[in-house]
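K.L.:
Give me a model of this one.
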Amino acid sequence: MAEGPIAIENARIVTCEPPADGGARRGGAMRELRTLARGHVIVEGGRIAAVGDGPAVSRAAAMRLDARGRVLMPAAVDCHTHACWAGERWGEWELKRAGASYLEILKAGGGILSTVAAVRAAPRDALASRLAERLAEMRATGTGAVEVKTGYGLDAATELKMLEAILAVRRVWPAPVVPTLLLGHALDKDSPAQLEDMCALLERIADRVPGMAVDCYCEEGAWTVEMCRTLLAKGRRLGFDVRIHADQFNALGGLELALELGARSVDHLEASTPQGIAALAASRAIGVALPVCGFALDGRFADGRSLIDQGGALAVASNWNPGSAPSPSAQFAAALAGRHMRLTAAEAICAVTWNAACVLGLQHETGAILPGMRADLQLLPHRDERAYAHEVSGPGPDVTVLGGDVSVRVA
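P.N.:
Now for the predicted structure:
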């Protein structure tokens, strides 16, 4: 962290300011990105002290960065990841290329279950170390705040070990790390009491991390609607927020369950029906699209265009995991959303900044460039923000600032 104020000058600033109600941007409002053609940002104590037009000539600074007209925008907020895992699944990619489907591999005992075995065998510190390394990779692509799920344990002891690893990294990482309890992920055939065990685990840790969410994966071969209902309803009674993986391969009713329970987000949506998308758009929940899955698996993408056109709120995330989304980059996810979900550049930027922050309850901390918020920023190598939602496999930002911690990309 710089010893004293940081001044970033001569920047094209994309502020991603929130709407008047302070909530997620919905519908056409997702295209309203406020910009300053030539402005400055002052960072003091890890937070944004000032944002304005022109140079910061009246402010003393320990570090001055001349943006030379390049785009300064909020660091991306990756609101859906499985970045805490052990082992690898490279062999599965060969099976997929030979024609096996994701669900076929899962039903045969591979997929998530192979990662479960590796996570169960890994020490907590090893999980934390690998997570920290992955967060560094994400930072290099311009990501600041990150959500990290448990879910590769399937038993209480391993889920708790994953949570401990995530919290250990959270204490030292310069940007927010938000844990989510994905207690309904795959089925453990060796544990007929899995659902009851996960509900009991919720009771054990209900007061540990205020505002934490409980999540589940509603899909064929995974958790049924009724299992998800039991777990999520228990979580709601204990004060947890509710999220759900729904409609990835099949529309089984998970989306409708999420809306019934007042979920904060409904994630995936590749198989959602037009009626489901309309209901989501009419609700207060935020749809979270995960287009890297479509890119890697089967070429199917959520109908984000319809959700926005009907007045809904959309976020986009990487879904980084070893089996279906092999990318640490929220920027790559934004570019895919533009290509395959027909989002405008402004909508894609909103989806990975402000709206993603709202999914995680971080809208008072990050996702926009406003005085008082955390200084989670990325300085792009571009002079037009539309490049962010267009470029594929670029070098990443020239500079990232996470809570005042400055990292400069080495060319």
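
K.L.:
mind listing what's buried in stretch 219-229?
P.N.:
For stretch 219-229, burial by neighbour count (16 or more other CB atoms under 10 Å) applies to 219, 221, 222, 223, 224, 225, 227, 228, 229. (Each C-beta comes from the backbone N, C-alpha and C, glycine too.)

K.L.:
Then stretch 29-38?
P.N.:
So stretch 29-38, judged by 16+ other CB under 10 Å, has buried residues 29, 30, 33, 36.

K.L.:
next one: it to chain centre, how far?
P.N.:
Centre-to-centre, stretch 29-38 and its host chain are 22 Å apart (CA atoms, centre = their mean, to the nearest Å).

K.L.:
And stretch 28-36, by the same measure?
P.N.:
Put simply, stretch 28-36 sits 21 Å off its chain's centre (CA atoms, centre = their mean).

K.L.:
can the buried residues of stretch 29-38 go into a markdown table with extra columns for distance to residue 144, pLDDT and secondary structure?
P.N.:
Converted to a markdown table, the buried residues of stretch 29-38 look like this (distance: CB to CB, whole Å; pLDDT from 0 to 100; DSSP: H, G, I helix; E, B strand; the rest coil):
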| residue | distance to residue 144 | pLDDT | secondary structure |
| --- | --- | --- | --- |
| 29 | 23 | 97 | helix |
| 30 | 20 | 98 | helix |
| 33 | 17 | 94 | coil |
| 36 | 20 | 96 | strand |
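
K.L.:
Out of the residues you listed, the closest to residue 389 would be?
P.N.:
Closest to residue 389 out of these is residue 33 (11.0 Å), distances taken as CB to CB.

K.L.:
I'd like the distance between that closest one and residue 43.
P.N.:
Residue 33 sits 21 Å away from residue 43, going by CB to CB, to the nearest Å.

K.L.:
so where's the stretch 51-200 of the chain shaky on pLDDT?
P.N.:
Within the stretch 51-200 of the chain, the ranges that satisfy pLDDT under 70 run 57-59, 109.

K.L.:
got the residue ranges for the strands in it?
P.N.:
Along the stretch 51-200 of the chain, the stretches classed as strands by DSSP state E, counting those that start in this stretch are 63-66, 71-74, 76-78, 143-149, 177-184.

K.L.:
can I get the ones you listed in a markdown table with distance to residue 284?
P.N.:
Formatted as a markdown table, these follow (distance: least, CB to CB, whole Å):
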| stretch | distance to residue 284 |
| --- | --- |
| strand 63-66 | 39 |
| strand 71-74 | 23 |
| strand 76-78 | 19 |
| strand 143-149 | 19 |
| strand 177-184 | 19 |
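
K.L.:
Just the buried residues of stretch 231-251, please?
P.N.:
Buried residues in stretch 231-251 (16+ other CB under 10 Å): 231-232, 234-235, 240-249, 251.

K.L.:
for stretch 51-58, that is, sorry about that
P.N.:
Neighbour-count burial for stretch 51-58 [16+ other CB under 10 Å]: 51, 56.

K.L.:
Next: stretch 127-145.
P.N.:
Within stretch 127-145, the residues scored as buried using 16+ other CB under 10 Å are 127-128, 130-132, 134-135, 138-145.

K.L.:
Fine by me, we can end here.
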